[in-house]
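Colleague: Give me a 3D structure for the following:
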Amino acid sequence: MSTTFAFAHDYAFPPGETLLETLDALGLTQKELAARMGRPLKTINQIIKGTAQIMPETALQLEKVTGVPASFWNNAETNYRAHRARVQDEKRQQKDVGWLKRFSYPKMASLGMVPMVADKGARVGQLLRFFGVASPTQWESAYGGLCGAAKESASFKSDLGDLSAWLRTGELLAQKRVCKPYNKEQFSRHLSTIRGLTVRNPAEVWPEVCRLCAEAGVAVILVPELPKTHVSGFTRWLTPEKALIQLSLRHKTDDNLWFTFFHEAAHILLHGKRDVFVEYRGLDNPKEQEANQWSGEFLIPPAAWNEFLTHLPARPTITAIQNFAKKQGIAPGIVLGRLQHREKRVSPGLYNRLKHNLTIDWGGLE
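Modeller: Alright, predicted model coming up:
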């Protein structure tokens, strides 16, 4: 004759409670169980109360005495301890809800970076999973250095919470981007090809830009700007063989896109693999000056630009801008942007129909 026991797998309770129910079904007392197992009565009592754990050896003894498989007792104990740890972790998360103030959580959720949950403690947990850290202290350690680079910007306005979330999103997307090992010569050649692509609408050529860069070991990622970031670009090395260029399209026109892209590319070509560049660190940073100069001269050679300015009328015309851009093989918006912002020869907003307005086709983290 065999007896079948039904066990309620509610592991919010100590497995000792199930053991007590089993003893009742078998007609055994705790003292009798202790004698059959060869264990002290105190130990059996502690297991039932949940103050002592069921160890693998104990589970095997319980199997022999009760007929309930050792695997059941082992799993029950593991699940109960995991449940207790999770409860304690959730309590700690409730204490960390002040950390949430550093992030625009609803905006992050709307962009698919994190799930939308109402409970603040749960939001803390979701952010920790998003960043891949165990606590806000580890977040500070892991991302403080990256965000700290932005503090050097002469126009730094970013909140480090949103900035770190923006950076992490690019990091996660770049990890999925398949790239060949970095090849400096190939990257330089592809940049020349990309320069020629600037004459077209960026929305049409962007997949090709990303493909060319990936062939040379550079992941190019577009991530929407979060409310408190005010960042245009970011460059760092993910591994010795894979670099990341991350852009936000903050200014939403092709002249800014291309200058920022080539500025970040300059950091990869010219500077060390340990360097991290967020936004623009101001003219007091020699490497930023070097990247600015390289980007500007790569897009428009200085001799050609100086000659263009020499013959440019006091009030530049659209035709003059278009003809020069065509001669250089670049987008007219690039020429217009330089005349507006660096030379101050054209009023902001004037002739902006020469520029392409940009949007991000954002698909989230998938």
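Colleague: Could you pull out the helices in the stretch 1-150 of the chain for me?
Modeller: 15-26, 30-37, 41-49, 56-66, 70-95, 105-110, 120-131, 136-148 (DSSP state H, counting those that start in this stretch).
Colleague: name the helices or strands packed onto the second one?
Modeller: This means helix 30-37. Contacts defined by 3 or more CB pairs under 8 Å, 6 or more residues apart in numbering; DSSP states H and E place helix 30-37 against helix 41-49, helix 56-66. (Each C-beta comes from the backbone N, C-alpha and C, glycine too.)
Colleague: Restricting to C-alpha, output that helix in CSV.
Modeller: Listed next in CSV are the C-alpha coordinates belonging to helix 30-37 (Å, rounded to 0.1, in the frame of the first residue of the first chain):
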residue,chain,number,x,y,z
GLN,A,30,9.4,15.4,16.1
LYS,A,31,11.2,13.3,18.7
GLU,A,32,10.5,10.1,16.7
LEU,A,33,11.8,11.7,13.5
ALA,A,34,14.9,12.8,15.3
ALA,A,35,15.5,9.3,16.5
ARG,A,36,15.0,7.8,13.1
MET,A,37,17.3,10.3,11.5
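Colleague: before we move on, the earlier item: okay, the helices and strands packed on helix 30-37 in a markdown table with distance to residue 298, mean pLDDT and mean neighbour count next?
Modeller: Formatted as a markdown table, the helices and strands packed on helix 30-37 follow (distance: least, CB to CB, whole Å; pLDDT from 0 to 100; neighbours: other CB atoms under 10 Å):
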| stretch | distance to residue 298 | mean pLDDT | mean neighbour count |
| --- | --- | --- | --- |
| helix 41-49 | 72 | 93 | 17 |
| helix 56-66 | 66 | 95 | 17 |
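Colleague: Nearest to residue 29, out of those?
Modeller: Closest approach to residue 29 among the helices and strands packed on helix 30-37 is made by helix 41-49 (9.5 Å; CB to CB).
Colleague: For residue 240, grab the count of nearby residues.
Modeller: Residue 240 has 10 neighbours, counted by other CB atoms under 10 Å.
Colleague: So for it, what's the nearest residue that isn't a sequence neighbour?
Modeller: residue 273 (6.2 Å; CB to CB, 6 or more residues apart in numbering).
Colleague: Number of residues surrounding the one you found?
Modeller: A count of neighbours around residue 273, defined by other CB under 10 Å, yields 12.
Colleague: So what's the predicted local confidence for it?
Modeller: With respect to pLDDT, residue 273 has a value of 87.
Colleague: so what does the lowest-mean-pLDDT helix or strand in the chain touch, helix or strand wise?
Modeller: One helix or strand of the chain scores below all others by mean pLDDT, DSSP states H and E: strand 277-278, with a mean of 77. Helices and strands touching strand 277-278, by 3+ CB pairs under 8 Å, 6+ apart, are strand 233-239, helix 286-299.
Colleague: ok, residues contacting the longest one?
Modeller: In this case it means helix 286-299. With contacts defined as CB atoms under 8 Å, 6 or more residues apart in numbering, helix 286-299 is touched by 191, 195, 198, 258-259, 262-267, 269-271, 275, 277, 280-283, 330, 334, 338, 342.
Colleague: With the shortest one instead?
Modeller: In this structure, residues lying in contact with strand 233-239 by CB under 8 Å, 6+ apart are 146, 167, 170-171, 174-175, 219, 243-248, 260-261, 263-264, 267-268, 273-280.
Colleague: all strands of the stretch 101-250 of the chain, in order?
Modeller: Taking DSSP state E, counting those that start in this stretch as the criterion, the stretch 101-250 of the chain carries its strands at 218-222, 233-239, 242-247.
Colleague: the domain parsing of the protein - what is it?
Modeller: Domain segmentation of the chain under automatic domain parsing yields 15-95, 151-300.
Colleague: Just put those in CSV and tack on distance to residue 351.
Modeller: What follows is these, written out as CSV (distance: least, CB to CB, whole Å):
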stretch, distance to residue 351
domain 15-95, 53
domain 151-300, 11
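Colleague: quick one: which of those domains is nearest residue 319?
Modeller: Nearest of the domains of the chain to residue 319, taken as CB to CB: domain 151-300 at 16.6 Å.
Colleague: Below-threshold pLDDT in this structure: ranges please.
Modeller: 1-12, 147-158, 279-284 (pLDDT under 70).
Colleague: quick revisit: please render the helices of the stretch 1-150 of the chain as a markdown table that adds distance to residue 253 to the earlier fields.
Modeller: Shown next, in a markdown table, are those (distance: least, CB to CB, whole Å):
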| stretch | distance to residue 253 |
| --- | --- |
| helix 15-26 | 64 |
| helix 30-37 | 77 |
| helix 41-49 | 69 |
| helix 56-66 | 65 |
| helix 70-95 | 42 |
| helix 105-110 | 23 |
| helix 120-131 | 31 |
| helix 136-148 | 27 |
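Colleague: do you know how far residue 315 is from residue 325?
Modeller: According to CB to CB, to the nearest Å, residue 315 stands 18 Å off from residue 325.
Colleague: Out of the domains of the chain, indicate the one that is most buried.
Modeller: domain 151-300 (a mean of 19; mean count of other CB atoms under 10 Å).
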